[in-house]
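Colleague: my questions are about this predicted structure, shown below with the sequence.
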Protein chains: 2
Amino acid sequence: MSHAKSGEDANGECRDSKSRVTIVGSGSWGSVAAKLVASNALKLPSFHDEVRMWVFEEVLPNGEKLTDAINKTNENANYLPGIKLGRNVVADPDLENAVKEANMLVFVTPHQFMDGICKKLKGKIKGEVEAISLVKGMEVKKEGPCMISSLITKELGINCCVLMGANIANEIAVEKFSEATVGYRESREIADTWVQLFSTPYFMVTPVHDVEGVELCGTLKNVVAIAAGFVDGLEMGNNTKAAIMRIGLREMKALSKLLFPSVKDSTFFESCGVADVITTCLGGRNRRVAEAFAQSGGKRSFDELEAEMLEGQKLQGVSTAREVYETLNHCGKLEMFPLFSTVHQICIGRLKPDAIVHYRNFGPNPKL
Amino acid sequence: MSHAKSGEDANGECRDSKSRVTIVGSGSWGSVAAKLVASNALKLPSFHDEVRMWVFEEVLPNGEKLTDAINKTNENANYLPGIKLGRNVVADPDLENAVKEANMLVFVTPHQFMDGICKKLKGKIKGEVEAISLVKGMEVKKEGPCMISSLITKELGINCCVLMGANIANEIAVEKFSEATVGYRESREIADTWVQLFSTPYFMVTPVHDVEGVELCGTLKNVVAIAAGFVDGLEMGNNTKAAIMRIGLREMKALSKLLFPSVKDSTFFESCGVADVITTCLGGRNRRVAEAFAQSGGKRSFDELEAEMLEGQKLQGVSTAREVYETLNHCGKLEMFPLFSTVHQICIGRLKPDAIVHYRNFGPNPKL
């Protein structure tokens, strides 16, 4: 992929020398991603102004189609009301049409949808395409975690970076200062292009040569958030909470390195690591529901609390904790991950919530 | 230093083969340290049961001396009311007397007092003595930081470890789960002895071969807490706060390595690093006063707010930020530390509080 420095090539044509970006997804984080990218596409001569956004079509209460409303008002009334996405964002309900001209694809949907999307896109994208995944969460299977970046590379035959970090969509939407990490596999040049496309004065993006480490952070942090929620529910105070967050970060690092020996320690000092753990453990629904679970003394189930508190949404952290437990159990490494394994055992009622702070679970030689 | 396995030596005498511990200091953290150490001294055969605690004598409102009250009630009514220190803790108002039999000294006073204490103790301690400093905060001078561990080694001619971490005294006093880090210079064996002496089921201590890194964390974290307080005062949200805490941790690491190239990255994943930053940025007086400062738009001075909010105490973070700024300015490295230098400039009114989240201050190439 090359980017022309000027707007036109020798023949006065610019269509093929400039990059075209499509955002695949239009939830709140997808809409914020569109806003960030659109502001930069306007400024950078190597990009077409237009940024296409694939929108899963819905009908608004007033009978209007969501895509029509976005293209008319320049706002996503369903998922990011009140925020102008940029005049150069074009909503498109047709996935194939939305990607057919693009050579840079930004994937930002719930992770469960990615398998179906990739199958639909097979054979429908251009030849020279680069992708980035902003999808947080993945399944962790005994045979290994289902990295979304790997799924995209396998199914579509294209290189895929990831962007993760302490990124609460609503706060970035109102331009509060934040950071993110781009993880890349090989080409630093491609990573730099993504950094350029996402960076704004309030959104600072750093490239890291460790796609697996960055991507795993976005999933494993949810297990730490469950642990932090238990501490909150038990009213153990900031000291204990900080200790549990630290042990959680340590186990995220250790598990990532166990799964992919190439993972770097330094990745966990980046926004995708320590900062996302902090944000997720201070706010977030995983923490909130786990807090309610601990307050009930573990007497109300997660299923019941989710139904009551989350309007049909499921907690990522609870299922990830189960998958991690099964994977570690399978390979005989449970005792290396006392926090992760304790979280799962509390979730299923095998241990009481206060087991999260039992010394014997964490010491004295965790060998991490 | 050797520890007899049994209580008695061949002659049936046990005085010299067992270690004797004295706590130098009796504030809230000193009193908690006494409680932790006393519980272990009773259990470990290589230690004398009695733990002596040097107490700066005060007279209680009822006319009783503080030391007499501690020895009668086993509580420190002034600094840790309601907590039993352990029957084997003996308060002693005479510094020389308190240390004369000890071969393990635990220093835990405000850092300003350490110079005077060392001068008083010169020539008054036994030959084979080991020390540990729990003193947080130090002066950072242009010629280098005044490490308390170095001061002790220089003045008293003894080896000195440090113990730092996310340690809010009142929370550990009621036995809420917490962690700490012991930093040591040479002997791992000595570090393990300190770990043994402080570890309890609710207080998990890890040794780290990096005394400077561990000790600097306990001082530099206060500058990060000031930054976090500004973010709170500006109501920027969890995302921004996590980003600022992460950048702060990164600058703590970079500055420590600049001052002492032997400092290890991994130290900042320990309790003294990331966990203490979290605790200090969630609670703590540095954060609290900085929040009030930002809420006033920087119109009320730190001196004024300190006087109003802290009853005569001074904020460590504000003076450390100034010292760090002067040191970095002196050696021409200010631009490598945008967060630290911005904190100081906000404190003195040269920048507005919202400068803490100005992108230009942190990017795009911080070279850290």
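Modeller: Ah, there it is.
Colleague: A:Ser256 sits in which helix or strand?
Modeller: helix A:238-259 (DSSP states H and E).
Colleague: isn't A:Leu334 right up against A:Leu328?
Modeller: Yes. Proximity of A:Leu334 to A:Leu328 meets the contact threshold set by CB atoms under 8 Å, at 4.7 Å. Any C-beta I mention is one placed from the backbone N, CA and C, and that applies to glycine too.
Colleague: which one's more surrounded, the two?
Modeller: Neighbours per residue (other CB atoms under 10 Å in any protein chain shown) separate A:Leu334 from A:Leu328, with A:Leu328 holding more: 21 against 16.
Colleague: OK, contacts around that one?
Modeller: By CB atoms under 8 Å, 6 or more residues apart in numbering or on different chains, the contact set of A:Leu328 is A:255, A:334, A:336-337, A:340-341.
Colleague: can you redo those as TSV with secondary structure, distance to chain B and pLDDT?
Modeller: Converted to TSV, these look like this (DSSP: H, G, I helix; E, B strand; the rest coil; distance: CB to the nearest CB, whole Å; pLDDT from 0 to 100):
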residue	secondary structure	distance to chain B	pLDDT
A:Leu255	helix	14	97
A:Leu334	helix	19	94
A:Met336	helix	16	94
A:Phe337	coil	16	96
A:Phe340	helix	17	97
A:Ser341	helix	17	95
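Colleague: between those residues, which has the most around it?
Modeller: A:Phe340 (27 neighbours).
Colleague: pull the contacting residues for that residue.
Modeller: For A:Phe340, the contact set (CB under 8 Å, 6+ apart) comprises A:223, A:251, A:255, A:321, A:324-325, A:328.
Colleague: re earlier: how about CSV for the contacts of A:Leu328, with distance to B:Leu121 added?
Modeller: Shown next, in CSV, are the contacts of A:Leu328 (distance: CB to CB, whole Å):
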residue, distance to B:Leu121
A:Leu255, 47
A:Leu334, 49
A:Met336, 44
A:Phe337, 45
A:Phe340, 47
A:Ser341, 48
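Colleague: wait, which of those residues is closest to B:Val129?
Modeller: Each of the contacts of A:Leu328 was scored against B:Val129 by CB to CB, and A:Met336 proved nearest at 38.3 Å.
Colleague: and the closest one, how close does it get to A:Arg250?
Modeller: A:Met336 sits at a distance of 11 Å from A:Arg250 (criterion: CB to CB, to the nearest Å).
Colleague: in a helix, A:Val289, correct?
Modeller: Yes. Counting by DSSP: H, G, I helix; E, B strand; the rest coil, A:Val289 is part of a helix.
Colleague: work out for me the element the most centrally placed residue in chain A sits within.
Modeller: Residue closest to the mean C-alpha point of chain A, counted by CA atoms, centre = their mean, is A:Lys136 at 2.6 Å. Using DSSP H and E, A:Lys136 falls within no helix or strand.
Colleague: give me the neighbour count for the residue nearest to it when sequence neighbours are not counted.
Modeller: Counting by CB to CB, 6 or more residues apart in numbering or on different chains, A:Gly218 is the residue found nearest to A:Lys136 once chain neighbours are left out, at 3.9 Å. A:Gly218: 27 surrounding residues under other CB under 10 Å.
Colleague: sheet-wise, list the partners of the strand ranked longest in chain A with their directions.
Modeller: Counting residues, the longest strand in chain A under DSSP state E turns out to be strand A:47-54. Strands that pair with strand A:47-54, judged by DSSP bridges, come out as strand A:19-24 (parallel), strand A:89-92 (parallel).
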